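> Here is a sequence together with a model predicted from it:
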Amino acid sequence: MRFGAQKETLVKTSSKGAPPTITRQSSGFEQFCSTLRSKEGLSILDMSGVSQANISFITEMGHRISSDDVVGTMQECFGADFLEAQQSSTIAQRFLEQTLTFPEEFFDAALVWDALQLLVSPLLELTVERLLRVMRPGGQMLVFFNADEKAKQIPVYNYRIQDQKTLLQIARAGAHYQRSQFFNNRSLEKMFQKAASVKFFLTRDHLREVIVRR
């Protein structure tokens, strides 16, 4: 377990009728990019759905990108009873049949963003297991978790890459969800206990950044 310091500036922007957005400096993403710059022709997974900004950024670095909007699949499968529906074996199986359906060891890196924090056991563990399975050994994943321990509901975003240090967070429709559980460093280490390493980044806001290496 290692820690990286982060200096960040949050600028909230919105226009009438548009979803709230946050422009965010991310040390975790900056380190993620530093690894990408050292190699060529990598295969990258983006779990925030199809985004031209993300596609352009990754391909201009000389890599390939695949998209899988996992939160969108959650919304479709679980509906209004978001947490309760995950306990249904039928609904959980439907979600798994549509999620991370890639060959084993297919990706060199993954932008997981904040998707995992919305899942509950045992579906959470099954999804993490599947995620690790599609990663190549040594591959890295950038994962975000809400760090506000007192929050009963948490916001969920689409993430759009602005540059190697800057992300645009766009609030999703139905942007706040009931928290399944609070993820502290210890619980995250347990979640990724089968990974080679977990690195945490210190932030000044309520978003915990983690880089996991397969």
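Thanks, I have the structure now.
> Chain neighbours aside, what residue packs nearest to residue 96?
Closest residue in space to residue 96, ignoring its immediate chain neighbours: residue 126 at 6.4 Å, by CB to CB, 6 or more residues apart in numbering. Yep, even glycine has a C-beta here, placed from its N, CA and C like the rest.
> what residues are up against residue 132?
For residue 132, the contacting residues are 192, 194, 195, 214, by CB atoms under 8 Å, 6 or more residues apart in numbering.
> you'd agree it is in a helix?
Yes. Assessed with DSSP: H, G, I helix; E, B strand; the rest coil, residue 132 lies in a helix.
> And it, what's its pLDDT?
pLDDT recorded at residue 132 is 97.
> top of the contacts of residue 132 by neighbour count?
Most neighbours among these, by other CB atoms under 10 Å: residue 214, with 23 neighbours.
> does it really touch residue 197, like I thought?
No. With contact defined as CB atoms under 8 Å, residue 214 does not reach residue 197; the gap is 9.3 Å.
> what number of residues lie near the residue nearest to residue 96?
16.
> Could you do the one 4 residues further on as well?
By the measure other CB under 10 Å, the count of residues near residue 130 is 15.
> can you offset everything so residue one is 446?
I'll keep to 446 as the first residue from here, and by that count the last item is residue 575.
> In contact with it, which residues?
So residue 575 contacts 541, 544, 545 (CB under 8 Å, 6+ apart).
> 10 Å instead, please
541, 544, 545, 546, 547, 549 (CB atoms under 10 Å, 6 or more residues apart in numbering).
> just these now: which is nearest residue 646?
Distances from residue 646 to the contacts of residue 575, taken as CB to CB, are shortest for residue 545 (24.3 Å).
> Confirm residue 501 sits in a helix?
Yes. The assignment for residue 501 (three-state DSSP) places it in a helix.
> Hmm, it is touching residue 510, no?
Yes. With contact defined as CB atoms under 10 Å, residue 501 reaches residue 510; the gap is 9.5 Å.
> which one of these two has more residues nearby?
Counted by other CB under 10 Å, residue 501 and residue 510 do not tie: residue 510 has more neighbours, with 21 against 12.
> on that earlier part again, hmm, the residue nearest to residue 541 is touching residue 542, no?
No. Using CB under 10 Å, residue 571 is not in contact with residue 542; the gap is 11.7 Å.
> Ramachandran angles for residue 587?
With angles defined as degrees, to the nearest 10, residue 587 sits at phi -100, psi 120.
> can you pull the contacts of the residue most central in space within the chain?
Nearest to the mean C-alpha position of the chain, by CA atoms, centre = their mean, lies residue 558 at 1.7 Å. Residue 558 makes contact with 491-494, 515-516, 586-589, 601-604, 612, 614 under the criterion CB under 10 Å, 6+ apart.
> partner residues bridging it?
Note on residue 558: beta-bridge partners by DSSP bridges are residue 588.
> and it, how far is that from residue 492?
6 Å (CB to CB, to the nearest Å).
> anything in contact with each of those two?
By CB under 10 Å, 6+ apart, residue 558 and residue 492 have these common neighbours: 515, 516, 586, 587, 588, 604.
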